[in-house]
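S.K.: Show me how the following folds:
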Amino acid sequence: MRSATMQPREGEMFHVVPVIDLRDGGVVHARRGDRGRYPPLRSALCTGNDPVEVVGGLLRLHPFRVVYAADLDAIQGSGDNRPALARLKAGFPDIELWVDAGFRTADAVRGFVASGLGDAVLGSESLDGLAPLLALKADPAWERMILSLDFRDRFVGPPDLPDRPDLWPRRIIAMTLARVGSGEGPDWNRLSEIGRAKPQASLFAAGGVRDGNDLRDLAARGSAGALVATALHDGRIGGAELEALSR
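M.R.: Residues are numbered from 1 along each chain as shown. As a prediction, the model looks like this:
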């Protein structure tokens, strides 16, 4: 059963945020959070999996304002994709990048924000404790940070974090990793729980979005937006639906 999430906010636009997963300088196709098995992206929107080509294809579909980039090498501690991020920033200077690069400390968040490459996504799965959030709450970088509350079968991160909405910034992603690329639909119960915990937050759904109906349901139930990848690349969500949602 679908439970209610937050109430829609008057005048707030719903944002569809395309996702690119970066590994070894290329874009890969995420599925169910099994990062070791992600194949190179194949998309109807572009040729090949070069990040600049992929984002260019996405922008031909729709003038997205934000792109979410997961630096899988940085998240897994095996390197990083900073050169690819720099190419994206240079090629698309008007696009806002949200980047999860496995940030584990407040200094890592501050350094990334200072680099000018984008806003920092602090993934709960990368955190050993609450210290980075406590350190950043009174910092100017706080407004340039998005918190991703990550779930597999259960919450992944510091056990106290779900009960500390006072340490959640304005923008929150509800990331159900087991649904990424699955086409199983949004995790409505999870979204409802997080929305009740901090109803004033801008909450973004991630994982399982299938089509335009899911996007319209999310918008009607008060979500600020949704992170989407597979349904854009295989055509289940097209330009006309995206244009209608952005009005």
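S.K.: any idea how far residue 101 is from residue 72?
M.R.: Separation of residue 101 from residue 72 (Cβ to Cβ, to the nearest Å): 9 Å. Where you see a C-beta, it was placed from the backbone N, CA and C, and this is true even at glycine.
S.K.: These two: who's more crowded?
M.R.: Neighbour comparison, residue 101 and residue 72: the larger count goes to residue 101, with 27 against 23 (by other Cβ atoms under 10 Å).
S.K.: can you list residues touching both of residue 101 and residue 72?
M.R.: residue 81 (Cβ atoms under 8 Å, 6 or more residues apart in numbering).
S.K.: can you pull the contacts of residue 40?
M.R.: By Cβ under 8 Å, 6+ apart, the residues touching residue 40 are 26-29, 49.
S.K.: Now name the helix or strand holding residue 46.
M.R.: Element membership of residue 46, judged by DSSP states H and E, is empty: it is in no helix or strand.
S.K.: for the nearest residue to it once chain neighbours are set aside, what are its contacts?
M.R.: In this structure, residue 46 finds its nearest non-sequential neighbour in residue 57, 3.3 Å apart by Cβ to Cβ, 6 or more residues apart in numbering. Residue 57 makes contact with 43, 45-46, according to Cβ under 8 Å, 6+ apart.
S.K.: Repeat that for residue 20.
M.R.: By Cβ under 8 Å, 6+ apart, the neighbours of residue 20 are 27, 41, 51, 54-55, 67-70, 229.
S.K.: repeat that with 10 Å
M.R.: By Cβ atoms under 10 Å, 6 or more residues apart in numbering, the residues touching residue 20 are 26-28, 30, 41, 49, 51, 54-55, 58, 67-71, 81, 84, 88, 97, 229.
S.K.: Show the backbone phi and psi for the nearest residue to residue 86 once chain neighbours are set aside.
M.R.: Once flanking residues are discounted, residue 86 sits nearest to residue 117: 6.6 Å by Cβ to Cβ, 6+ apart. Per-residue torsions, residue 117: phi -80, psi -20 (degrees, to the nearest 10).
S.K.: measure residue 117 to residue 216 for me?
M.R.: In terms of Cβ to Cβ, residue 117 sits 32 Å off from residue 216.
S.K.: With just CA atoms, put the longest strand seen in the chain into PDB.
M.R.: The single longest strand within the chain, with elements called by DSSP state E, is strand 15-23. Output in PDB follows, covering the C-alpha atoms of strand 15-23 (Å, rounded to 0.1, in the frame of the first residue of the first chain):
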ATOM      1  CA  HIS A  15      12.800  18.500 -10.100                       C
ATOM      2  CA  VAL A  16      13.700  15.500 -12.100                       C
ATOM      3  CA  VAL A  17      17.400  15.000 -11.500                       C
ATOM      4  CA  PRO A  18      19.200  12.700 -14.000                       C
ATOM      5  CA  VAL A  19      21.900  10.400 -12.400                       C
ATOM      6  CA  ILE A  20      25.300   9.500 -13.900                       C
ATOM      7  CA  ASP A  21      27.400   6.800 -12.200                       C
ATOM      8  CA  LEU A  22      31.100   7.400 -12.900                       C
ATOM      9  CA  ARG A  23      33.800   4.600 -12.900                       C
END
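S.K.: Direction included, what does it pair against?
M.R.: Paired neighbours of strand 15-23 in the sheet (DSSP bridges): strand 26-28 (antiparallel), strand 66-71 (parallel), strand 225-228 (parallel).
S.K.: picking up where we left off before, in a markdown table, list the contacts of residue 57 along with distance to residue 153 and pLDDT.
M.R.: Output for those, formatted as a markdown table (distance: Cβ to Cβ, whole Å; pLDDT from 0 to 100):
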| residue | distance to residue 153 | pLDDT |
| --- | --- | --- |
| 43 | 30 | 94 |
| 45 | 32 | 95 |
| 46 | 34 | 94 |
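S.K.: Nearest to residue 15, out of the residues you listed: which one, please.
M.R.: Distance to residue 15 across the contacts of residue 57 (Cβ to Cβ) is lowest for residue 45, with 18.8 Å.
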